[in-house]
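Asker: All I have is the shape, not the residue letters:
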């Protein structure tokens, strides 16, 4: 499965901790990320991550393009719901694309944990047929 990891600045440490906790599961899949998040996660987990530009420099658009081409199976986007972002249209575009293309999306830790455990149980195999 192809998993996209994105985290706003205030959630990057949380993403690192999430990826440390679920390193065993994540290591079985192909990971994609915006630049800074990917670098920070790689530093603490030693996972191999395909990194794009930083989110505000177009990384979210790059991941959005992968979603449009059905090349992402799961998105974990730990976002800061309180702080407005200059690139808010790109953020909302990722959410819209996930809805349009039926891609599971977690925007908080609780949902991310549910999706990652579901992935480990094999509950996401329907994505292979969807492709």
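Answerer: Thanks, I have the structure now. Because the structure is a prediction, the values reported are computed rather than measured. Numbering: from 1, shown residues only.

Asker: Contacts made by the worst-scoring helix or strand of the chain on mean pLDDT with the rest, please.
Answerer: None of the helices or strands of the chain scores lower by mean pLDDT, DSSP states H and E than helix 126-130, at a mean of 77. Residues outside helix 126-130 that contact it (CB atoms under 8 Å, 6 or more residues apart in numbering) are 1, 70, 73, 74, 102. In short, each C-beta sits where N, CA and C put it, glycine included.

Asker: Make a ChimeraX selection of the buried ones in those residues.
Answerer: Buried members of the contacts of helix 126-130 can be picked out in ChimeraX with the line below, counting by 16 or more other CB atoms under 10 Å:
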select :73,74
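
Asker: Can you tell me which of the contacts of helix 126-130 end up in strands?
Answerer: In this view, the contacts of helix 126-130 that belong to strands under DSSP state E are residue 74.

Asker: Report the buried residues of the least confident helix or strand of the chain.
Answerer: Using 16+ other CB under 10 Å as the test for burial, helix 126-130 gives residue 127.

Asker: can you give me the offset of that helix from its chain's centre?
Answerer: In terms of CA atoms, centre = their mean, to the nearest Å, the centre of helix 126-130 is set 18 Å apart from its chain centre.

Asker: And for stretch 19-32?
Answerer: When distances are taken as CA atoms, centre = their mean, stretch 19-32 is centred 11 Å away from the chain's centroid.

Asker: try stretch 22-42
Answerer: For stretch 22-42 - counting by CA atoms, centre = their mean - the centre lies 9 Å from the chain centre.

Asker: Let me see the mean pLDDT of stretch 59-76.
Answerer: For stretch 59-76, mean pLDDT is 94.

Asker: contacts for that stretch?
Answerer: Residues outside stretch 59-76 that contact it (CB under 8 Å, 6+ apart): 1-6, 15, 18, 32-35, 52-53, 87, 90-91, 93-94, 97-98, 101, 103-106, 112, 115-116, 119, 124, 127, 130-131.
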